[in-house]
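Visitor: everything below, folded, please.
(chains A and B)
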Amino acid sequence: MADTAIPPDTAPYAPGSGAARRPGRPPAPERPRRPRVRATAGTGRLAAILVSPTLLVLTIVVLYPTLMALDESLYGPKGLDPKTGFISNTEPFVGLKNYTDIFTQAGDRFWNAFWNTTFFTVVTVSLETLIGVAMALIMHRAFRGRAVVRASILVPWAIPTAISGLLWKWIFNADGIANVLLGHQVLWTADGFSAKIAVVIADVWKTAPFIGLLVLAGLQVIPKEVYEAARLDGASALQQFWRITLPLVKPALLVAVLFRCLDALRMFDLPYILIGAQKGSVETLSMLAQNEASNVRFGPASAYAVLLFLYVFLIALAFVRLLGADLIGGAGGTKKRKSHAVGVPRRRVREVTA
Amino acid sequence: MILTAKWRQWLPHLGIAVVVAYCLAPFYWMLVSSLRSTGDIFSTSLFPSPLSFENYRSVFSPAQGFTRALLNSLIVAGITTAMSLLLATFTAYAMARLEFRFKRLILTLIIATSMFPVVSIVVPLLKLFTDIGWINTYQSMIVPSMSFTLPLAVWNLTTFFRQMPDELEHAAMVDGCTRGQAFRKVIVPLAAPGIFTTAIITFIAAWNEFLIALSMTNKPSMQTATVAISKFSGATTYQTPFGSQMAAGVVVTIPLVVMVLLFQRRIVAGLTAGAAK
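Guide: Just a heads-up that it's a prediction; the model follows:
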């Protein structure tokens, strides 16, 4: 309304804004970014058409199975019907029995799997973070041979986990290269604590370089000027790392750590192949649920799957609460704010790929 | 501690050498072991001598059925990738270019699904597929695989679409293109590198899948390569055929390593797109 009242020659663009009140300053330049397409009924419908196939597929392959698992976890295995004494073809409804069973004797295997999963997640992610950051710092220093380094870092990532399980099984074989290098016999792939260590080593090998890559990308965005200023102020290399590098690279690092945590919580292929199915020392929740399901005990299997899902969900929620809701980078907005806070020109982001 | 100039110059290179060795040594060991003959498979020399292709011959012998497993992997990963890309291109375009309600929520939900523990969808789907007779079919592996490839593709493509200037599309629309034409004739060709990169990353993820393929098949002829290799059997029950497993592992990994070597720049760009910002 007010816009139309202003004569066209006075304030050509921003009516009653800050620029008008401070005549000494030139009017702020027009925003360089063209405003995005407005949300109208038309774009809304177009968006709905474009987005709905994906949502439909995800509903079918993720939401529906999850609800099915919730339902299934309330049923027991087929077997003798206690009332009639006949073998029944339907699964009896047992309510929360599959869940309460984990607090009785039958829960031993569950709790073992639960602690294995937690152990692997905590140990592998911590080691991967430490080694990954160290790798990123090394790579950030050296400028020659960047392509070679990048390619070799991607190799462990690209090797299927199942294959790397076999590869490490071969390395950790009783007569394998690991024992030759160590100079004494460790039965790595037998059931026991050494089996846990074998899984940790193999997993760290596969993923530490990947964390290194993500952290490197974060390092490359830090402007050189910050370090120059710190040097002028007499900061030591260690101080520069703790006060500048780490805080600035933290967002990238935390995202990497969250992704790794969620990935480690669902670990399956590596212990399954490296050590084997139903090995108490390395059985994870995923392995337990898969094993129960393949033995047609769908009720307990679903209950374990649901509990694993809740565990993953809680960890993700804790991270999001810790980091703020915009962890995932969402639809616009977040990126701008983060780079503002750090004072980083956005263009530099792509340098890591150059 | 003061380092001499020479050390300061060489230390980074030494560090790089350590990093490269750390990443490649186990892979190299797989390669070397695959090229040994059965007789000296336990040899610890750094080079295979005499060089032997015995393991590769045994892997590709018709009795092993490994060629069929490779074909299965190609079909499952290929179709999964194609379908994910098709759906994700539309969705990512809407996410990057259109304003609509609940956009952030929808994108967050889509990305959140990729963090799902796969086992919690495999268990109920295994029961469902048993009931409808889908066990040992390609669709029983393709459909669940979409649960992680589709979010991955949407996320990657959204980042790529966002990086393209809006002006191009608008110029096309000013010149008389409809939004659909602008999308087809301007956006898709420009986004081709991004789509290609996303295809590679999605394909690698689908090709490496193990849990779904393991659960949904029990016939050897329908197993994918990753499952088939883990089930290779030796001459006797207690002997693991490491030689042929290593050879098959190399065969399964080589296409991926070649892709990584050729497109490492693009792959890194795609993988770090979300993390660096």
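Visitor: can we go C-alpha only for contacts and neighbour counts from here?
Guide: OK.
Visitor: for residue A:178, give its distance to residue A:186.
Guide: 9 Å (CA to CA, to the nearest Å).
Visitor: and what of residue A:157?
Guide: Taking CA to CA, one finds residue A:157 at 27 Å from residue A:186.
Visitor: higher neighbour count, these two?
Guide: Using other CA atoms under 10 Å in any protein chain shown, the more surrounded residue of residue A:157 and residue A:186 is residue A:157, with 22 against 18.
Visitor: may I see the buried residues of stretch B:111-130?
Guide: For stretch B:111-130, burial by neighbour count (16 or more other CA atoms under 10 Å in any protein chain shown) applies to B:111, B:113-127, B:129.
Visitor: could you list which of the residues you listed also contact chain A?
Guide: Restricting the buried residues of stretch B:111-130 to those near chain A by CA under 8 Å from any CA of the partner chain leaves B:111, B:113, B:115-127.
Visitor: where does chain B have low pLDDT?
Guide: Regions of chain B meeting the criterion pLDDT under 70 cover residues B:1-3, B:234-239, B:274-277.
Visitor: can you give me the strands for it?
Guide: Using DSSP state E, no strands are found in chain B.
Visitor: show me what contacts the spatially most central residue of it?
Guide: Note on chain B: the residue nearest the mean C-alpha position is residue B:204, at 1.1 Å, using CA atoms, centre = their mean. Residue B:204 sits next to A:158, B:256 when contact means CA atoms under 8 Å, 6 or more residues apart in numbering or on different chains.
Visitor: let's go with 10 Å and repeat that
Guide: Residues in contact with residue B:204, defined by CA atoms under 10 Å, 6 or more residues apart in numbering or on different chains, are A:157-160, B:77-78, B:81, B:149, B:198, B:253, B:255-256, B:259-260.
Visitor: show the buried residues in these.
Guide: With burial judged by 16+ other CA under 10 Å, the buried subset of the contacts of residue B:204 is A:157-160, B:77-78, B:81, B:149, B:198, B:253, B:256, B:259-260.
Visitor: any figure for the gap between whatever residue of the stretch 251-354 of chain A ends up closest to chain B and residue B:109?
Guide: Relative to chain B, the nearest point of the stretch 251-354 of chain A is residue A:305 (4.5 Å; CA to the nearest CA). Residue A:305 sits 20 Å away from residue B:109, going by CA to CA.
Visitor: out of the two, which sits in the more crowded spot?
Guide: Ranked by neighbour count (other CA under 10 Å), residue A:305 and residue B:109 place residue A:305 first, with 32 against 14.
Visitor: which pLDDT value goes with that one?
Guide: You'll see residue A:305 listed with a pLDDT of 92.
Visitor: what sits against it?
Guide: Contacts of residue A:305 by CA under 10 Å, 6+ apart are A:66, A:69-70, A:73, A:266, A:285-290, A:293, A:299, A:311, B:117-124.
Visitor: before we move on, the earlier item: which secondary structure state does the residue of the stretch 251-354 of chain A closest to chain B sit in?
Guide: Secondary structure assignment for residue A:305 (DSSP: H, G, I helix; E, B strand; the rest coil): helix.
Visitor: residue A:277 is in contact with residue A:285, isn't it?
Guide: No - between residue A:277 and residue A:285 there is no contact under CA atoms under 10 Å: 11.8 Å.
Visitor: list residues touching both of the two?
Guide: Shared contacts of residue A:277 and residue A:285, counting by CA under 10 Å, 6+ apart, come down to A:268, A:291.
Visitor: more neighbours: these two, which one.
Guide: residue A:285 (31 against 18).
Visitor: for residue A:218, pull up the helix or strand it's in.
Guide: Element membership of residue A:218, judged by DSSP states H and E, is helix A:193-220.
Visitor: which strands and helices lie in contact with the helix or strand following that helix?
Guide: The helix or strand immediately downstream of helix A:193-220 is helix A:224-232, counting by DSSP H and E. Other helices and strands packing on helix A:224-232, by 3 or more CA pairs under 10 Å, 6 or more residues apart in numbering or on different chains; DSSP states H and E, are helix A:237-240.
Visitor: the helix it packs on and chain B in contact?
Guide: No - counting by CA under 10 Å from any CA of the partner chain, chain B is not contacted by helix A:237-240; separation bottoms out at 11.5 Å.
Visitor: okay, the helix or strand following that helix in CSV with CA atoms only?
Guide: Next in sequence after helix A:237-240, counting helices and strands by DSSP H and E, comes helix A:246-265. Extracted in CSV, the C-alpha atoms of helix A:246-265 (Å, rounded to 0.1, in the frame of the first residue of the first chain):
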residue,chain,number,x,y,z
LEU,A,246,39.7,-27.3,15.2
PRO,A,247,36.8,-24.8,15.8
LEU,A,248,36.6,-23.9,12.1
VAL,A,249,36.6,-27.5,10.9
LYS,A,250,34.2,-28.6,13.6
PRO,A,251,31.0,-28.4,11.6
ALA,A,252,32.4,-30.6,8.8
LEU,A,253,34.0,-33.0,11.4
LEU,A,254,30.8,-33.4,13.4
VAL,A,255,28.7,-34.2,10.3
ALA,A,256,31.3,-36.8,9.4
VAL,A,257,31.3,-38.2,12.9
LEU,A,258,27.5,-38.4,13.0
PHE,A,259,27.4,-40.2,9.7
ARG,A,260,30.0,-42.6,10.8
CYS,A,261,28.3,-43.3,14.1
LEU,A,262,25.0,-44.2,12.4
ASP,A,263,26.9,-46.3,9.9
ALA,A,264,28.8,-48.1,12.6
LEU,A,265,25.6,-48.8,14.6
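Visitor: no more questions from me, cheers.
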